[in-house]
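A.B. asks: here is my input, please return the structure:
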Amino acid sequence: MNFEYDKDNKERIPFEHYLEAYQKANPVEISNRVGVPYDENKKVFDVWLLGSRYQITHPEYEITHIDDEMGYYPLEAINAKILILRYFLEGKLIPAGDEFYTYKEMPWGDVYFKQFQGRCMMRLAYGYGNKLSVFSQVMKRMGATQLTYGDCAYEIEFLKGLRLRYILWSGDEEFPPSAQIQFSDNFPEAFQIEDMAFVCDIITGMIKALEKAI
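C.D. replies: Presented below is the predicted three-dimensional model:
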């Protein structure tokens with residue numbers, strides 16, 4: 001495996017490259033592999049992501065959200081568009097078991113853990129470790145399920161069948177806030193390790209956007 005762990009997805013993974021491959025791909029095969037419904041008459045995928053529904057056309061890859069109470073639609077941003085293209089082209093949805101694993105425990109995760117720790121875990125810890133009430137309100141709005149881990153924890157579904165656990169410990173005078181992110185055990189079949197960081201970027205971006213409405 002040979003790739004650069006750049007934050008700028010647009011530079012590392014040209015949108016046009018994956019779009020061309022998507023346009024040549026068989027949409028029925030994609031649907032069967034990733035478990036996303038496809039309407040052959042309308043030529044659209046019906047995608048559920050973070051509590052909202054989207055329609056994605058094939059072969060054009062035009063994305064339209066279905067209006068709901070969420071009011072924020074991350075799949076219309078370029079990083080999410082590329083992520084879903086990669087999922088459609090390379091991913092596979094298998095049933096999840098009962099286990100959750102940290103990023104470091106995932107294949108190749110130990111190699112890129114320091115980058116992920118700074119980019120995702122510390123961003124979560126210092127952004128919400130001392131704002132647990134705000135974090136809780138936002139996660140509930142996103143349809144997450146509250147857990148009993150740490151000082152505040154929620155399980156959230158990113159795409160159908162792909163779940164993450166966000167766990168926070170509040171800081172005090174002696175210790176800074178900390179966080180952990182865990183992935184359902186079927187994530188490695190769906191996304192490569194670098195894409196799992198982009199999943200967390202998208203979730204964190206949505207948390208920050210919905211926080212403004214509180």
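
A.B. asks: can you map out the strands along the chain?
C.D. replies: Assigned by DSSP state E, the chain shows strands spanning 38-39, 44-49, 52-57, 63-65, 100-102, 145-147, 152-159, 162-169, 178-184.

A.B. asks: counting contacts, what elements does the fourth one pack onto?
C.D. replies: Using 3 or more Cβ pairs under 8 Å, 6 or more residues apart in numbering; DSSP states H and E as the contact criterion, the neighbours of strand 63-65 among helices and strands are strand 52-57. (Each C-beta comes from the backbone N, C-alpha and C, glycine too.)

A.B. asks: got a list of what residue 156 touches?
C.D. replies: 50, 139, 142, 143, 144, 145, 163, 164, 165, 166, 203 (Cβ atoms under 8 Å, 6 or more residues apart in numbering).

A.B. asks: same check on residue 148?
C.D. replies: Shown in contact with residue 148 (Cβ under 8 Å, 6+ apart): no residues.

A.B. asks: that one and residue 165, how far apart?
C.D. replies: Residue 148 sits 11 Å away from residue 165 when distances are taken as Cβ to Cβ, to the nearest Å.

A.B. asks: tell me the domain boundaries of the protein?
C.D. replies: Structurally, the chain divides into domains by automatic domain parsing as follows: 9-90, 100-211.

A.B. asks: using a markdown table, lay out those together with mean pLDDT.
C.D. replies: Rendered in a markdown table, the data for those read as follows (pLDDT from 0 to 100):
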| stretch | mean pLDDT |
| --- | --- |
| domain 9-90 | 94 |
| domain 100-211 | 96 |
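
A.B. asks: just name the most buried of those.
C.D. replies: domain 100-211 (a mean of 18; mean count of other Cβ atoms under 10 Å).
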